[in-house]
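**Student:** Any chance you can model this:
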Amino acid sequence: MTVLDTIHALVVDDQRTITSHIDSSLNSFGFSNVVWTTDGESALSYFLSDADFADIVISDLTLPVMSGIELYNELQKIKPGIQFLMLLADPTRENVVAVRDLGIKHILAKPFSTEDLLDHVEAMVEALVGPLPD
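**Tutor:** Residues are numbered from 1 along each chain as shown. Presented below is the predicted three-dimensional model:
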(Lines give C-alpha, C1' and ligand atoms only; values in the text may rest on other atoms or scores of the structure.)
Protein backbone atom coordinates (compact mmCIF):
# COMPACT_ATOMS: atom_id res chain seq x y z
CA MET A 1 0.00 0.00 0.00
CA THR A 2 1.33 3.42 -0.95
CA VAL A 3 0.43 6.88 0.32
CA LEU A 4 -1.57 7.44 -2.88
CA ASP A 5 -3.86 4.54 -1.95
CA THR A 6 -5.08 6.63 0.97
CA ILE A 7 -5.81 9.79 -1.03
CA HIS A 8 -9.17 10.20 -2.73
CA ALA A 9 -9.62 12.42 -5.76
CA LEU A 10 -12.81 13.85 -7.24
CA VAL A 11 -12.84 15.03 -10.85
CA VAL A 12 -15.65 17.37 -11.90
CA ASP A 13 -16.03 18.12 -15.61
CA ASP A 14 -18.83 17.74 -18.09
CA GLN A 15 -16.51 16.78 -20.95
CA ARG A 16 -16.00 13.01 -20.97
CA THR A 17 -12.73 13.28 -22.89
CA ILE A 18 -11.31 15.50 -20.14
CA THR A 19 -12.45 13.25 -17.28
CA SER A 20 -11.05 10.20 -19.10
CA HIS A 21 -7.70 11.95 -19.64
CA ILE A 22 -7.52 13.00 -15.98
CA ASP A 23 -8.62 9.58 -14.72
CA SER A 24 -5.98 7.74 -16.75
CA SER A 25 -3.32 10.29 -15.73
CA LEU A 26 -4.14 9.90 -12.05
CA ASN A 27 -4.14 6.12 -12.36
CA SER A 28 -0.72 6.19 -14.05
CA PHE A 29 0.52 8.43 -11.20
CA GLY A 30 -0.59 5.79 -8.70
CA PHE A 31 -4.05 6.87 -7.57
CA SER A 32 -6.52 4.06 -6.94
CA ASN A 33 -9.39 6.15 -5.55
CA VAL A 34 -10.73 8.44 -8.28
CA VAL A 35 -14.38 9.37 -8.72
CA TRP A 36 -15.72 11.70 -11.39
CA THR A 37 -18.96 13.55 -11.92
CA THR A 38 -20.25 15.99 -14.50
CA ASP A 39 -21.57 18.88 -12.42
CA GLY A 40 -20.83 20.86 -9.29
CA GLU A 41 -24.08 20.01 -7.55
CA SER A 42 -23.38 16.27 -7.74
CA ALA A 43 -19.85 16.87 -6.48
CA LEU A 44 -21.16 18.89 -3.55
CA SER A 45 -23.66 16.15 -2.66
CA TYR A 46 -20.77 13.72 -2.08
CA PHE A 47 -19.30 16.11 0.50
CA LEU A 48 -22.64 16.85 2.13
CA SER A 49 -23.01 13.15 2.92
CA ASP A 50 -19.32 12.72 3.89
CA ALA A 51 -17.10 15.75 4.53
CA ASP A 52 -14.02 13.59 4.01
CA PHE A 53 -15.22 12.18 0.69
CA ALA A 54 -12.14 13.42 -1.19
CA ASP A 55 -8.80 15.01 -0.41
CA ILE A 56 -8.22 16.52 -3.83
CA VAL A 57 -10.74 18.08 -6.21
CA ILE A 58 -10.03 18.80 -9.86
CA SER A 59 -12.86 20.88 -11.31
CA ASP A 60 -13.68 22.80 -14.43
CA LEU A 61 -14.67 26.42 -13.90
CA THR A 62 -17.69 26.19 -16.21
CA LEU A 63 -20.07 23.42 -15.19
CA PRO A 64 -23.78 22.75 -15.49
CA VAL A 65 -25.94 23.58 -12.45
CA MET A 66 -23.12 24.91 -10.20
CA SER A 67 -19.87 26.53 -11.38
CA GLY A 68 -16.42 25.50 -10.21
CA ILE A 69 -16.21 28.73 -8.20
CA GLU A 70 -19.53 28.03 -6.48
CA LEU A 71 -18.39 24.47 -5.77
CA TYR A 72 -15.10 25.71 -4.30
CA ASN A 73 -16.90 28.23 -2.08
CA GLU A 74 -19.30 25.56 -0.77
CA LEU A 75 -16.47 23.09 -0.16
CA GLN A 76 -14.59 25.69 1.88
CA LYS A 77 -17.54 25.68 4.31
CA ILE A 78 -17.45 21.88 4.59
CA LYS A 79 -13.74 21.12 4.30
CA PRO A 80 -11.67 24.31 4.55
CA GLY A 81 -8.32 24.17 2.80
CA ILE A 82 -9.18 21.24 0.55
CA GLN A 83 -6.66 20.83 -2.25
CA PHE A 84 -8.36 22.19 -5.37
CA LEU A 85 -7.24 22.45 -9.01
CA MET A 86 -9.38 24.67 -11.23
CA LEU A 87 -9.44 23.91 -14.95
CA LEU A 88 -10.05 26.82 -17.31
CA ALA A 89 -11.28 26.37 -20.87
CA ASP A 90 -11.14 30.16 -21.23
CA PRO A 91 -8.04 31.28 -19.32
CA THR A 92 -8.63 35.01 -19.67
CA ARG A 93 -6.92 37.34 -17.24
CA GLU A 94 -10.32 38.00 -15.66
CA ASN A 95 -10.95 34.28 -15.02
CA VAL A 96 -7.47 33.66 -13.65
CA VAL A 97 -7.69 36.66 -11.31
CA ALA A 98 -11.17 35.61 -10.11
CA VAL A 99 -9.92 32.12 -9.29
CA ARG A 100 -6.70 33.32 -7.64
CA ASP A 101 -8.62 35.88 -5.56
CA LEU A 102 -10.50 32.98 -3.96
CA GLY A 103 -7.20 31.54 -2.78
CA ILE A 104 -7.04 28.71 -5.31
CA LYS A 105 -3.34 28.09 -5.95
CA HIS A 106 -3.66 25.48 -8.67
CA ILE A 107 -5.00 26.63 -12.05
CA LEU A 108 -4.60 24.79 -15.33
CA ALA A 109 -5.69 25.96 -18.79
CA LYS A 110 -7.33 23.52 -21.19
CA PRO A 111 -6.03 21.81 -23.17
CA PHE A 112 -3.28 20.60 -20.87
CA SER A 113 -0.57 17.98 -20.95
CA THR A 114 -0.43 15.00 -18.63
CA GLU A 115 2.86 16.35 -17.30
CA ASP A 116 1.35 19.73 -16.39
CA LEU A 117 -1.63 18.05 -14.74
CA LEU A 118 0.56 15.72 -12.70
CA ASP A 119 2.84 18.59 -11.61
CA HIS A 120 -0.20 20.20 -9.96
CA VAL A 121 -1.42 16.89 -8.56
CA GLU A 122 1.98 16.13 -7.05
CA ALA A 123 2.09 19.56 -5.40
CA MET A 124 -1.40 19.02 -3.94
CA VAL A 125 -0.47 15.55 -2.65
CA GLU A 126 2.72 16.90 -1.10
CA ALA A 127 0.70 19.64 0.61
CA LEU A 128 -1.30 16.84 2.24
CA VAL A 129 1.41 14.30 3.11
CA GLY A 130 4.81 15.90 2.60
CA PRO A 131 7.42 15.07 -0.03
CA LEU A 132 6.81 11.96 -2.09
CA PRO A 133 9.61 9.43 -2.54
CA ASP A 134 11.28 9.42 -5.97
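
**Student:** For the rest of this, base every contact and every neighbour count on C-alpha atoms.
**Tutor:** Will do.

**Student:** Against Thr19, how distant is Val34?
**Tutor:** Applying CA to CA, to the nearest Å, the value for Val34 to Thr19 is 10 Å.

**Student:** can you tell me how far Thr19 sits from Ser25?
**Tutor:** Separation of Thr19 from Ser25 (CA to CA) stands at 10 Å.

**Student:** Give me the common contacts of the two.
**Tutor:** Residues touching both Thr19 and Ser25 (CA atoms under 8 Å, 6 or more residues apart in numbering): none.

**Student:** is it true that Ile107 touches Asp90?
**Tutor:** No: between Ile107 and Asp90 there is no contact under CA atoms under 8 Å: 11.6 Å.

**Student:** what about the two, which has more around it?
**Tutor:** Neighbour count, other CA atoms under 10 Å: between Ile107 and Asp90, Ile107 has more, with 21 against 14.

**Student:** Not counting residues beside it along the chain, what's closest to the more buried one?
**Tutor:** The spatially closest residue to Ile107, leaving aside those adjacent along the chain, is Met86, at 4.9 Å (CA to CA, 6 or more residues apart in numbering).

**Student:** In contact with the one you found: list those residues for me.
**Tutor:** Taking CA under 8 Å, 6+ apart, one finds Ile58, Ser59, Asp60, Leu61, Gly68, Val99, Ile104, His106, Ile107, Leu108 in contact with Met86.

**Student:** The first one belongs to a helix, doesn't it?
**Tutor:** No: counting by DSSP: H, G, I helix; E, B strand; the rest coil, one finds Ile58 to be strand, located in no helix.

**Student:** pretty sure it contacts Val11?
**Tutor:** Yes: Ile58 lies in contact with Val11 (CA under 8 Å); the separation is 4.8 Å.

**Student:** Can you list the helices and strands that the lengthiest helix in the chain packs against?
**Tutor:** When the chain is parsed with DSSP state H, its longest helix is helix 114-129. Packing partners of helix 114-129 (3 or more CA pairs under 8 Å, 6 or more residues apart in numbering; DSSP states H and E): helix 16-29, strand 83-88, strand 106-109.

**Student:** I am finished for the moment; much appreciated.
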